[in-house]
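Asker: this one's structure only:
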C-alpha cells in the first residue's frame, strides 16, 4: 500500500488566515501533485512537481503556492484564505502512470 | 465539451447484482486508462489499469476499453455492500497528466 500522508485531515479557519497543507510520501517518488476536489466534480490539478526545486501550476487556476525542497515533502500554502477556497485538497505521487493518493485535507474557510 | 464524461449517478443496486460503470472521452491520444475507487472521506485508490483495447479481469472486476468508440467500462460482478463508493475513471496520453471523470456514486444495498 502506498505511503502518502496529508495533515491536517480537517481544517476550519477564518478568512484572511495563512495556512499550509502538508503532504509527505515515503516511496521516493519524483512526481507529486495537488488536486482540488469538490462534491460531484472531477479532480482538478492545481500544482505539480517533477522533482526537487521543480514546481508548475496545473490546469485549474489557484491562488495557492507550493514548494519542493525535499523529494518526500510537497506542502501547499494559501497566504490569505477565502471562503471560495473551501474544498477538499488531495495530494498524490507517482513514479509511473498511476497515482497514489493521500486521504486529503478538507478545508473550510468561514 | 469535457475531455472525459461520466454519469455521476447515484447508482443503487441490490447485493449480488452486476454493476456497469461507463466513461466516454474525446481525446483519441489517450493511451492509458484507469479506474479508481474512493470511499467517503478517503483518497482515491487504484482499482484497475490498462493500456490496450479489450478486457482486463481482476477478481470480481473487469475493465473494458474500446478505443474505436472512445468508451471505457468497469464491470463489478456479485456486488457487495463494501463496493459502495465513488468510482472515478481516469486516463492519460503518453506524455501528459492524468485526466479524471467526475465519478459515479455507487450504493450496494444488502
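Answerer: Sure thing, it's come through. Just so we're clear, the structure is a prediction, and the values are computed from it rather than from any experiment.
Asker: Can you tell me the closest non-neighbouring residue to residue B:76?
Answerer: residue B:19 (4.1 Å; CB to CB, 6 or more residues apart in numbering or on different chains). (Glycine included, C-beta is placed from N, CA and C.)
Asker: so how many other residues sit close to that neighbour?
Answerer: Applying other CB atoms under 10 Å in any protein chain shown, we find 19 residues neighbouring residue B:19.
Asker: do the same with the one 4 residues further on
Answerer: Counted with other CB under 10 Å, residues neighbouring residue B:23 total 25.
Asker: That one and residue B:5 touch, don't they?
Answerer: Yes. Using CB atoms under 8 Å, residue B:23 makes contact with residue B:5 at a distance of 6.6 Å.
Asker: For chain A, what's its nearest residue on chain B.
Answerer: residue B:43 (3.3 Å; CB to the nearest CB).
Asker: residues from chain B in reach of chain A?
Answerer: Contact residues, chain B versus chain A (CB under 8 Å from any CB of the partner chain): B:2, B:4, B:8, B:32, B:34, B:36, B:41-46, B:49, B:51, B:88, B:90, B:92, B:97-103.
Asker: so what's residue 56 up against?
Answerer: This is for chain A. With contacts defined as CB atoms under 8 Å, 6 or more residues apart in numbering or on different chains, residue A:56 is in contact with A:47, A:48, A:49, A:50.
Asker: think we crossed wires, I meant chain B
Answerer: Taking CB under 8 Å, 6+ apart as the test, what residue B:56 contacts is B:48, B:50, B:62, B:63, B:64.
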